[in-house]
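Engineer: Kindly return the folded structure for what I paste below:
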Amino acid sequence: MARRIRRAEWHESALLDLNATVTVIYERLLELFHRAEGGQNAAQFTEARQAVEQMRMHWESKSSGVISDDAIVTAYAYFSAAVQEGLSGGATLARASRPGAVIRR
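Structural biologist: Alright, predicted model coming up:
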């Protein structure tokens with residue numbers, strides 16, 4: 001019984017911690033999105049990559065071993081796939097990496 005209670009407490013703690021991390025990352029990405037509406041540069045791309053990497057590290061080191069809720073695991077999988085598709089280092093990164101480059105929408 002005590003083990004089940006402890007596991008539930010770890011789960012709740014992990015959910016709260018993940019929620020706090022997602023909130024911080026979301027706010028950073030939203031700010032970057034609004035700044036990039038006039039055009040993207042390599043620094044903004046790097047900041048976005050760092051925010052996404054922070055989310056990935058948090059998931060892999062703290063959340064994935066404790067949180068097994070299908071909805072949350074699936075949401076992270078979609079997030080991860082979207083990141084791979086959107087920040088994969090394709091033509092957008094190549095253009096943004098040029099010194100002084102600005103990518104217009």
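
Engineer: Pass me the low-pLDDT residue ranges in this protein, would you?
Structural biologist: 87-105 (pLDDT under 70).

Engineer: which secondary structure element contains the residue most central in space within it?
Structural biologist: Closest residue to the average C-alpha location of the chain: Val52 at 3.5 Å, with Cα atoms, centre = their mean. Assigned by DSSP states H and E, Val52 falls within helix 42-58.

Engineer: For the helix of greatest length in the chain, name the packing helices and strands.
Structural biologist: Across the chain, the longest stretch assigned as helix under DSSP state H is helix 2-36. Packing partners of helix 2-36 (3 or more Cβ pairs under 8 Å, 6 or more residues apart in numbering; DSSP states H and E): helix 42-58. For every residue, glycine as well, the C-beta is placed using N, CA and C.

Engineer: Please spell out which residues along the helix it packs on are buried.
Structural biologist: 42, 44-45, 47-48, 51-52, 55, 58 (16 or more other Cβ atoms under 10 Å).

Engineer: Would you format the residues you listed as CSV with distance to Ala77 included?
Structural biologist: Shown next, in CSV, are the buried residues of helix 42-58 (distance: Cβ to Cβ, whole Å):
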residue, distance to Ala77
Ala42, 28
Gln44, 26
Phe45, 23
Glu47, 24
Ala48, 19
Ala51, 18
Val52, 14
Met55, 13
His58, 15
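
Engineer: I'd like to know which of the residues you listed is nearest to Arg3.
Structural biologist: Distance to Arg3, by Cβ to Cβ, is smallest for His58 among the buried residues of helix 42-58, at 25.4 Å.

Engineer: The host helix or strand of Ala75 to helix 2-36, inter-axis angle?
Structural biologist: Under the criterion of DSSP H and E, Ala75 resides in helix 70-86. Here the directions of helix 70-86 and helix 2-36 differ by 30 degrees (axes from the mean of the first three to the mean of the last three Cα atoms, to 10 degrees).

Engineer: before we move on, the earlier item: shouldn't the residue nearest to the centre of the chain be in contact with Val83?
Structural biologist: Yes: using Cβ atoms under 8 Å, Val52 is in contact with Val83, at 5.1 Å.
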